[in-house]
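In: Next comes the sequence, and after it the predicted model I'd like to discuss.
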Amino acid sequence: MNIEKKGTRCIDGLGRVVIPRDVRRTLGFESGVPVEFFVDNQTNSLIIRKYNSTCALCGSCKELIEFEGKQICKHCVGKISNLG
Ligand SMILES: [Zn+2]
């Protein structure tokens with residue numbers, strides 16, 4: 001993991017924090033984009049990642065199943081099952 005400091009901000013009274021503009025542009029964190037949170041308890045760190053709500057293989061957004069941290073649609077799961 002390659003971690004780089006990108007700024008310092010204060011959390012407001014409602015728990016909100018402004019993500020620096022250059023970080024939002026670089027990562028495509030536009031208004032309305034869903035994100036997911038991961039906590040590393042060993043380092044007391046929070047990672048925010050764009051929530052990928054489409055199939056990692058075909059791009060479909062229907063009937064997704066999480067597998068090994070990725071979203072895969074039922075159609076692709078069926079195709080993979082037929083390989084074995
Ligand atoms: Zn798929």
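Out: Structure received.

In: from what I can see I72 touches I65, true?
Out: Yes: I72 is in contact with I65 according to Cβ atoms under 8 Å; the separation is 5.7 Å. Heads up, the C-betas are built off the backbone N, CA and C, glycines and all.

In: out of those two, which sits in the more crowded spot?
Out: Ranked by neighbour count (other Cβ atoms under 10 Å), I72 and I65 place I72 first, with 21 against 12.

In: That one: what's it in contact with?
Out: Counting by Cβ atoms under 8 Å, 6 or more residues apart in numbering, I72 touches C55, A56, L57, L64, I65, E66, I80.

In: just F67 next, same as before
Out: Counting by Cβ under 8 Å, 6+ apart, F67 makes contact with V77.

In: and Q71, how many neighbours does it have?
Out: Considering only other Cβ under 10 Å, Q71 is surrounded by 18 other residues.

In: Let me see the contact set for the nearest residue to it once chain neighbours are set aside.
Out: Taking Cβ to Cβ, 6 or more residues apart in numbering, and ignoring the residues beside it in sequence, Q71 has L64 as its nearest neighbour in space, at 4.4 Å. Listed by Cβ under 8 Å, 6+ apart, the contact partners of L64 are S53, T54, C55, Q71, I72, C73, K74.
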